[in-house]
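**Q** Okay, here's the prediction I keep looking at, along with the sequence it came from:
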Amino acid sequence: MGNLFTNYYELAAMLLFVIGFLTLLIQRNLIKKIIGMNIMDTSVFLFLAAKGYVAGRMSPIIRDGVTDASLYINPIPAGLVLTGIVVAVSTTAFALALALRWYQQYNSLDVDWTALKYLLKGEK
Amino acid sequence: MSIISEEGKKTLTSFSDWVSANSPDIPAEVVYPPKKDDHGHGHDDHGHDDHGDAHCDAHEEAHEEAHEELRSSAYEALHASDAPPAAPAAVTAQPKEKETVTEEGPMTERTFVRTLGAGYRLIAAVCGVLLAIILLVTVAFLPRFGSAENPALNEVSRRYLEEGLTDTGAVNTVAGMILDYRAFDTLGESIVLFTATVTVIFLLQQSRRKNDEARALEEEDLQQGVRSLPARVVIGIAFPFAMLYGIYVVLNGHLSPGGGFSGGTILGGTLILAHLAFGEQYTQRFATITRCTGILSVALLVYMGLKSYSVLTGANGMESMVPLGTPGSIFSAGLIFPLNICVGLVVACTMFTLYSLFTKWKA
């Protein structure tokens, strides 16, 4: 139990994740929901980057041909974060395009209002 | 207040109505005087006034029907006569109106929606707190930050660091990893970007034809760019240097931090800045959506061709017929150099295409 405050990067990542999750759940505006999803993405990147770090070691770029694994930090999380960023950008663009179409259809970005008006009551 | 909401009726009716009806901390009656007027008319028209609380559903329906009606062309005619006297009266006669409407339909709808929303938010907050507790307990049991005993630091990363230079020839282990050992995964990422671009094109291009008059309003800004002189001057000076820096980051991907993804983002961002400052008129000389999607597809095809060549000539991409060169020089690391360029082009074109599509679209 003792590592809660020494793992402050992971702690911040988890808090960011919960903030993004709650934004996604509670906000009624679609754009704000997408922003919440992006906050969750960012928290995962922060967590992965923190997992790759090893205190006192260098970035994984081989210097002077010295290939000693105990000199460099873990390169794998960097690659995973790269993948994650690409997927986050793609999903964000897709979600924003869907939100625009939603706005065009219902003249509102408020999901609750639209659901009540058009879906529950069967209008249009 | 009433005048503003009437002027913005076409676009704001739905959202502001909902917010004022549902937001717990803003009293709906104060924020939204003219709406009450609308309800009154709607109910008069449909004869639902005397049903009371028992016929909540019927009321809601009538209420919404009234909304639909009022939004149609009849709305202006109705309010041309009604609104001017109603507007000053609404401010003074609010308490009285509140009392009369409280027992009727709109109020019950509001309470229903408010209860539903409050319940949902409560459940969401409880879920969030539970999730936070679970995650924080997990963090407390994780290995200490920055410790070398982290289980993530296993033989895979050791292998990449120790053998990566001889296997791939790339000084930057991350570039060697994502473009040689895991090049197939990176191909998948590029295809995700491509798919996102295609989807956004499909979603946003269909509706563009019929909105010509709405587009014409902002056409000028889009064409000419911003009118702010400092922005134009600064972006004009920075544009070539930022492009050069992006190209440098792409070409040095196997030698230094960076590579196709970050360099491509810099290139795309620079193009977006130029579009912002000088408008479509300027950027369409060298970057249009058609051209960008063309470059995107060609770069993806070249990536696939190079990788399949590598897979055909040496299993698992460990060896290829392209010489690895001396580590640290620009023409080294075999296929990583051209693959970085392909990825950079894909990312830059995706960024610029998405931005152009989103700015061109008008509801």
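**A** Perfect, I can see it now.
**Q** how close does B:Thr359 sit to B:Glu280?
**A** From B:Thr359 across to B:Glu280, the span is 8 Å (CB to CB, to the nearest Å). C-betas here are computed from N, CA, C, even on glycine.
**Q** The two - which one has more neighbours?
**A** Taking neighbours as other CB atoms under 10 Å in any protein chain shown, B:Thr359 and B:Glu280 compare with B:Glu280 leading, 19 against 15.
**Q** What pLDDT does the model give the more buried one?
**A** For B:Glu280, the pLDDT comes out at 76.
**Q** Make sure it is indeed in a strand.
**A** No - assessed with DSSP: H, G, I helix; E, B strand; the rest coil, B:Glu280 is helix; it does not lie in a strand.
**Q** what about it, distance to B:Lys307?
**A** Applying CB to CB, one obtains 35 Å for the distance of B:Glu280 from B:Lys307.
**Q** what does A:Thr6 give?
**A** A:Thr6 is 42 Å from B:Lys307, by CB to CB.
**Q** again with B:Leu271
**A** In terms of CB to CB, B:Leu271 sits 27 Å off from B:Lys307.
**Q** Show me which of the two is the more surrounded one.
**A** For the pair B:Leu271 and B:Lys307, the greater number of neighbours falls to B:Leu271 (25 against 21), based on other CB under 10 Å.
**Q** Without its sequence neighbours, what residue ends up closest to the more buried one?
**A** What sits nearest to B:Leu271 in space, not counting adjacent residues and going by CB to CB, 6 or more residues apart in numbering or on different chains, is B:Phe352, at 4.4 Å.
**Q** Tell me, how many residues neighbour that neighbour?
**A** Quick note: B:Phe352 (other CB under 10 Å) scores 26 neighbours.
**Q** shouldn't it be in contact with B:Phe286?
**A** No - contact between B:Phe352 and B:Phe286 fails when scored by CB atoms under 8 Å: they sit 10.5 Å apart.
**Q** Regarding the chain, what is its longest helix?
**A** No chain was given, so I picked chain A. Secondary structure assigned by DSSP state H gives helix A:76-106 as the longest helix of chain A.
**Q** Actually, chain B is the one I wanted.
**A** Of all segments of type helix in chain B, defined using DSSP H, the longest is helix B:105-141.
**Q** and the angle for the helix or strand just after that one with helix A:76-106?
**A** Following helix B:105-141 in sequence order, the next helix or strand is helix B:155-168 (DSSP states H and E). For helix B:155-168 against helix A:76-106, the angle by axes from the mean of the first three to the mean of the last three CA atoms, to 10 degrees is 100 degrees.
**Q** quick one: buried residues of helix B:155-168?
**A** By 16 or more other CB atoms under 10 Å in any protein chain shown, the buried positions in helix B:155-168 come out as B:157, B:160-162, B:164-165, B:167-168.
**Q** same question, stretch A:55-71
**A** The neighbour-count check on stretch A:55-71 (16+ other CB under 10 Å) flags A:57, A:60-62, A:69 as buried.
**Q** End to end on that stretch, go ahead and measure it.
**A** The straight-line separation of the ends of stretch A:55-71 (CA to CA, to the nearest Å) is 10 Å.
**Q** Report the contact partners of A:Lys33.
**A** Going by CB atoms under 8 Å, 6 or more residues apart in numbering or on different chains, A:Lys33 touches A:23-24, A:27, A:111.
**Q** Confirm it sits in a helix?
**A** Yes - secondary structure assignment (three-state DSSP) places A:Lys33 inside a helix.
**Q** Let me see the confidence value for it.
**A** pLDDT, the model's per-residue confidence, is 92 for A:Lys33.
**Q** For the helix or strand hosting B:Ile201, what does the pLDDT average out to?
**A** Per DSSP H and E, B:Ile201 falls inside helix B:183-205. What helix B:183-205 shows for mean pLDDT is 87.
**Q** elements contacting that helix?
**A** If contacts are counted by 3 or more CB pairs under 8 Å, 6 or more residues apart in numbering or on different chains; DSSP states H and E, helix B:183-205 sits against helix A:76-106, helix B:289-313, helix B:336-360.
**Q** Any figure for the gap between A:Lys32 and A:Leu22?
**A** Per CB to CB, A:Lys32 is found 11 Å from A:Leu22.
**Q** which one of these two has more residues nearby?
**A** Using other CB under 10 Å, the more surrounded residue of A:Lys32 and A:Leu22 is A:Leu22, with 20 against 14.
**Q** show me what contacts that one?
**A** Contacts of A:Leu22 were listed using CB under 8 Å, 6+ apart, and they are A:36, B:124-125, B:128.
**Q** Can you pull the poorly scored residue ranges out of chain B?
**A** Applying pLDDT under 70 to chain B picks out residues B:1-110, B:206-226, B:311, B:313-323, B:328, B:362-363.
**Q** Just the buried residues of the lowest-mean-pLDDT helix or strand in chain A, please?
**A** Ranked by mean pLDDT, DSSP states H and E, the weakest helix or strand in chain A is helix A:111-114, scoring a mean of 77. By 16+ other CB under 10 Å, the buried positions in helix A:111-114 come out as A:111-114.
**Q** Which of the residues you listed sits closest to B:Glu189?
**A** When those are ranked by distance to B:Glu189 (CB to CB), A:Val111 comes first, at 30.1 Å.
**Q** pretty sure that closest one is touching A:Leu30, no?
**A** Yes - between A:Val111 and A:Leu30 there is a contact at 6.0 Å, judged by CB under 8 Å.
**Q** Could you list the contact residues of the stretch 251-363 of chain B toward chain A?
**A** Within the stretch 251-363 of chain B, the positions near chain A by CB under 8 Å from any CB of the partner chain are B:256-257, B:261, B:327, B:347, B:350, B:354, B:357-358, B:361, B:363.
**Q** Tell me which residue of the stretch 151-300 of chain B lies closest to chain A.
**A** When distances are taken as CB to the nearest CB, the stretch 151-300 of chain B reaches nearest to chain A at B:Ala196, 3.5 Å away.
**Q** tell me the contacts of that residue?
**A** Neighbours of B:Ala196 in contact, by CB under 8 Å, 6+ apart: A:89-91, A:93-94, B:350, B:354.
**Q** returning to that earlier point: report the backbone C-alpha coordinates of the least confident helix or strand of chain A in PDB.
**A** Below are the C-alpha coordinates for helix A:111-114, written out as PDB (Å, rounded to 0.1, in the frame of the first residue of the first chain):
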ATOM      1  CA  VAL A 111     -28.000  14.200 -26.300                       C
ATOM      2  CA  ASP A 112     -30.500  14.100 -23.400                       C
ATOM      3  CA  TRP A 113     -32.800  16.700 -24.900                       C
ATOM      4  CA  THR A 114     -32.600  15.000 -28.300                       C
END
